[in-house]
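Enquirer: What follows is a predicted protein model with its sequence.
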Number of protein chains: 2
Amino acid sequence: MDFMKPETVLNLNNIRTSLVRMEDTIVFNLIERSQFFLLPSVYVKDKYPIEGYSGSFMEWILLQTEKVHSQVRRYEAPDEIAFFPDQLLKPLLPSLKYPPVLALYSSEVNYNQEILDFYVKHIVPEVSCGQGDQEENSGSVSVCDVECLQALSRRIHFGKFVAEAKYRADPELYDRLIAARDVEGIEGSITNSTVEAMILERIKTKCETFGTDPSLKYSQKQQLKVKPELIVGLYRDYVIPLTKKVEVDYLLRRLPDNN
Amino acid sequence: MDFMKPETVLNLNNIRTSLVRMEDTIVFNLIERSQFFLLPSVYVKDKYPIEGYSGSFMEWILLQTEKVHSQVRRYEAPDEIAFFPDQLLKPLLPSLKYPPVLALYSSEVNYNQEILDFYVKHIVPEVSCGQGDQEENSGSVSVCDVECLQALSRRIHFGKFVAEAKYRADPELYDRLIAARDVEGIEGSITNSTVEAMILERIKTKCETFGTDPSLKYSQKQQLKVKPELIVGLYRDYVIPLTKKVEVDYLLRRLPDNN
């Protein structure tokens, strides 16, 4: 996928390959998170007092990371959406001038608050290897959370490319559905249950494979680093539905002349 | 491994478990890096002009990351060593007061410059999926490099715990070797060729397992994301020898009364 070549970006095969590859990153990152305890304190607003800042400890690291990355143009890329778009810094380097692929204003389709919510409320408590706090790991855990959140955000907002590619494959259908604000019709047109079942099956296999020590394959000690059914549930209940929300939201803003 | 409980830190079984687990992180991170081209420009000093800074683009991101992480006490942890120890910021939170485990001044044993050198010169050219530059990926690549470097640094400097545990298992032997500055004798006493061969075998299996899409197991399209022999070579030629250097260097500074 080459964002400098729009024709490669809207090829559904390339999009699919990218989405499959992102599964590996998400599974790898969640396996890393599973080494640590829950550490509930890092998610509580102002639990760690930091001068001039109000928010959770983990969000502080997320914000600082976004500030650094914004200076090297991360959020100019069409596949990157910030969690704190209002607090980014100016790039230190000249803009890259990506050729336009998505509709104007597509960066307003931002589900990061929802992603942050389900990640903290539903994923972290399940994926961590123990309950309580371990203050000396609060930094490691938060750095790991930032990577998980960025990977999930990129995966979910990739729905915009899926939506644009589907639009271009049948503009008449979508112009009609969009003009009628037919959300159910749009949802129906972008849903493919067979593909969704395949994704979940593949996620399960990846968790089993990446989450075991392959050198212990035949020993009795084998223990999975992360529960496959948990990550399958994460995809089924959050990643797939939120991706569809992104697609619908994107399409509802899309005008026939793409601007 | 719980750095608040020194007795768990110097247990050789715990150290071994931690080292084995770090292999997964290193392999995961190198697989992530292998998605990208080489991007030689990100490693060239001042190739991207950034005001008030002299160094490579990748090192700029590494430095900014260390500045953020130093504010949340990363480099207070006995298993973390900064690449830019002179440019860190003051922690925003009160110190954690880790119980002492390693000898005083052990943080002076810092092989990060060597790690940076071999990573940029020997690993990146081999692990990347293509030669040239792709400017729009310079940020992603550098972020990925930072994660690889931090994982390698932590793994290699863990040699200090190995060395301290070995010292405590036979203080008389080591006091004698250290007093005589007998580097060869120390090297001999910390080398275990059988264990080294096992590590290399395990790394190979991990690359094969984590670097394939398990859902394609029986198809003909199967392609490894990263060459196992490359990562095995990385361990054989750099990680293991540098870890031994860390061990020897640590022991040479260790005095009988541990301070």
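Expert: Everything's here; your move. Numbers count the residues shown, from 1 in each chain, chains lettered A, B, ... in the order given.
Enquirer: Is chain B within reach of stretch A:138-145?
Expert: Yes - residues of stretch A:138-145 contacting chain B under CB under 8 Å from any CB of the partner chain: A:138-140, A:142-143. Quick note: C-beta positions are derived from backbone N, CA and C, even for glycine.
Enquirer: Of those residues, which is the most crowded?
Expert: A:G139 (27 neighbours; other CB atoms under 10 Å in any protein chain shown).
Enquirer: So which residues on the stretch 51-200 of chain A come close to chain B?
Expert: A:51, A:57, A:60-61, A:64-65, A:68-69, A:71-74, A:77, A:92-93, A:96, A:98, A:134-136, A:138-140, A:142-143, A:147.
Enquirer: low pLDDT regions in the stretch 151-259 of chain A?
Expert: Applying pLDDT under 70 to the stretch 151-259 of chain A flags the ranges A:217-222, A:258-259.
Enquirer: and with 80 instead?
Expert: Scanning the stretch 151-259 of chain A for pLDDT under 80 picks out the ranges A:215-222, A:256-259.
Enquirer: the helices in it, which residues?
Expert: Ranges of helices within the stretch 151-259 of chain A are A:159-169, A:171-179, A:183-190, A:193-210, A:228-234, A:240-253, based on DSSP state H, counting those that start in this stretch.
Enquirer: what's the longest helix in chain A?
Expert: Longest helix in chain A by number of residues, with DSSP state H as the criterion: helix A:12-33.
Enquirer: between the helix or strand that it is followed by and helix B:57-71, how many degrees?
Expert: Heading C-terminal from helix A:12-33, the first helix or strand you meet, by DSSP states H and E, is helix A:57-71. In terms of direction (axes from the mean of the first three to the mean of the last three CA atoms, to 10 degrees), helix A:57-71 departs from helix B:57-71 by 160 degrees.
Enquirer: Tell me if the longest helix of chain A is near chain B.
Expert: Yes - against chain B, helix A:12-33 shows contacts by CB under 8 Å from any CB at A:20-21, A:24-25, A:28, A:31-32.
Enquirer: Buried ones only from those residues, please, as a ChimeraX command.
Expert: In ChimeraX, this line selects whichever of the residues of helix A:12-33 next to chain B come out buried by 16 or more other CB atoms under 10 Å in any protein chain shown:
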select /A:24,25,28,31,32
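Enquirer: now the residues of helix A:12-33 next to chain B as JSON lines including distance to A:I240 and pLDDT?
Expert: Output for the residues of helix A:12-33 next to chain B, formatted as JSON lines (distance: CB to CB, whole Å; pLDDT from 0 to 100):
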{"residue": "A:V20", "distance to A:I240": "14", "pLDDT": "95"}
{"residue": "A:R21", "distance to A:I240": "17", "pLDDT": "94"}
{"residue": "A:D24", "distance to A:I240": "17", "pLDDT": "95"}
{"residue": "A:T25", "distance to A:I240": "17", "pLDDT": "96"}
{"residue": "A:F28", "distance to A:I240": "20", "pLDDT": "96"}
{"residue": "A:I31", "distance to A:I240": "21", "pLDDT": "95"}
{"residue": "A:E32", "distance to A:I240": "23", "pLDDT": "96"}
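Enquirer: Pick the one among the residues of helix A:12-33 next to chain B closest to B:G159.
Expert: Proximity of those to B:G159 (CB to CB) peaks at A:E32, which lies at 22.1 Å.
Enquirer: neighbours around A:K244, how many?
Expert: 19.
Enquirer: Provide a list of residues in contact with it.
Expert: Contacts for A:K244 were tallied using CB atoms under 8 Å, 6 or more residues apart in numbering or on different chains; they are A:159, A:187, A:190-191.
Enquirer: Of those, which is the most crowded?
Expert: Among the contacts of A:K244, A:G159 has the most neighbours (other CB under 10 Å), with 26 neighbours.
Enquirer: Surely that one touches A:I240?
Expert: No - contact criterion CB atoms under 8 Å: A:G159 and A:I240 do not qualify, at 9.7 Å.
Enquirer: neighbours of A:F83, just the number please.
Expert: A:F83 has 19 nearby residues by other CB under 10 Å.
Enquirer: helix, strand or coil for it?
Expert: coil (DSSP: H, G, I helix; E, B strand; the rest coil).
Enquirer: contacting residues for it?
Expert: A:59, A:62-63, A:66, A:112-113, A:116, A:149, A:153.
Enquirer: quick check, nearest of these to A:G211?
Expert: Of all those, A:G211 sits closest to A:L149, with 20.0 Å by CB to CB.
Enquirer: List the contacts of the closest one.
Expert: Applying CB under 8 Å, 6+ apart, we find A:L149 in contact with A:62, A:83, A:112, A:115-116, A:119.
Enquirer: cool, and A:S142?
Expert: If you count contacts by CB under 8 Å, 6+ apart, A:S142 has them with A:42, A:57-58, A:60-62, B:72.
Enquirer: Hmm, which of those residues is lowest in pLDDT?
Expert: Lowest in pLDDT among those is B:V72, which has 93.
Enquirer: so that residue touches B:L89, yeah?
Expert: No - using CB under 8 Å, B:V72 is not in contact with B:L89, being 10.0 Å away.
Enquirer: who has more neighbours, these two?
Expert: B:V72 (24 against 12).
Enquirer: ok, the more buried one to B:E80 distance?
Expert: From B:V72 over to B:E80 the distance is 11 Å, taken as CB to CB, to the nearest Å.
Enquirer: same question, A:L12
Expert: Distance, A:L12 to B:E80, using CB to CB: 44 Å.
Enquirer: How many neighbouring residues does A:F158 have?
Expert: For A:F158, the count of nearby residues is 20 (other CB under 10 Å).
Enquirer: Equivalent analysis for A:C129, please.
Expert: Using other CB under 10 Å: A:C129 sits among 12 other residues.
Enquirer: give me the element it is part of.
Expert: Using DSSP H and E, A:C129 sits in no helix or strand.
Enquirer: need the contact list for the residue nearest to it when sequence neighbours are not counted.
Expert: Spatial nearest neighbour of A:C129, excluding adjacent residues (CB to CB, 6 or more residues apart in numbering or on different chains): A:S34 at 5.7 Å. Residues in contact with A:S34 (CB under 8 Å, 6+ apart) are A:127-129, A:225-226.
Enquirer: what's the farthest-apart pair in these?
Expert: A:S128 and A:K225, at 11.9 Å, using CB to CB across those.
Enquirer: out of the residues of helix A:12-33 next to chain B, who's nearest chain B?
Expert: Nearest to chain B out of those is A:F28 (CB to the nearest CB; 4.3 Å).
Enquirer: show me what contacts the closest one?
Expert: A:F28 sits next to A:210, B:28, B:31-32, B:210 when contact means CB under 8 Å, 6+ apart.
Enquirer: Any chance of CSV for those, columns distance to B:R181?
Expert: Shown next, in CSV, are the contacts of A:F28 (distance: CB to CB, whole Å):
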residue, distance to B:R181
A:F210, 45
B:F28, 40
B:I31, 42
B:E32, 42
B:F210, 42
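Enquirer: coming back round to it: what distance do you get for the residue nearest to A:C129 to B:Y53?
Expert: When distance is defined by CB to CB, A:S34 is 37 Å away from B:Y53.
Enquirer: Over to A:E184?
Expert: A:E184 is 53 Å from B:Y53, by CB to CB.
Enquirer: if you count what's nearby, which of these two comes out ahead?
Expert: Taking other CB under 10 Å, A:E184 and B:Y53 do not tie; B:Y53 has more neighbours (15 against 9).
Enquirer: Test my guess that that one contacts B:E59.
Expert: No - applying CB under 8 Å as the test, B:Y53 and B:E59 come out as separate, 9.0 Å apart.
Enquirer: before we move on, back to that, adding distance to B:Y174, write the contacts of A:K244 out as TSV.
Expert: Formatted as TSV, the contacts of A:K244 follow (distance: CB to CB, whole Å):
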residue	distance to B:Y174
A:G159	59
A:E187	69
A:I190	66
A:T191	66
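Enquirer: Could you single out the nearest of those residues to A:Y235?
Expert: Closest to A:Y235, out of all of the contacts of A:K244 and judged by CB to CB, is A:G159, at 13.5 Å.
Enquirer: Spit out the contact partners of the closest one.
Expert: By CB under 8 Å, 6+ apart, the contact list for A:G159 reads A:242-247, A:250.
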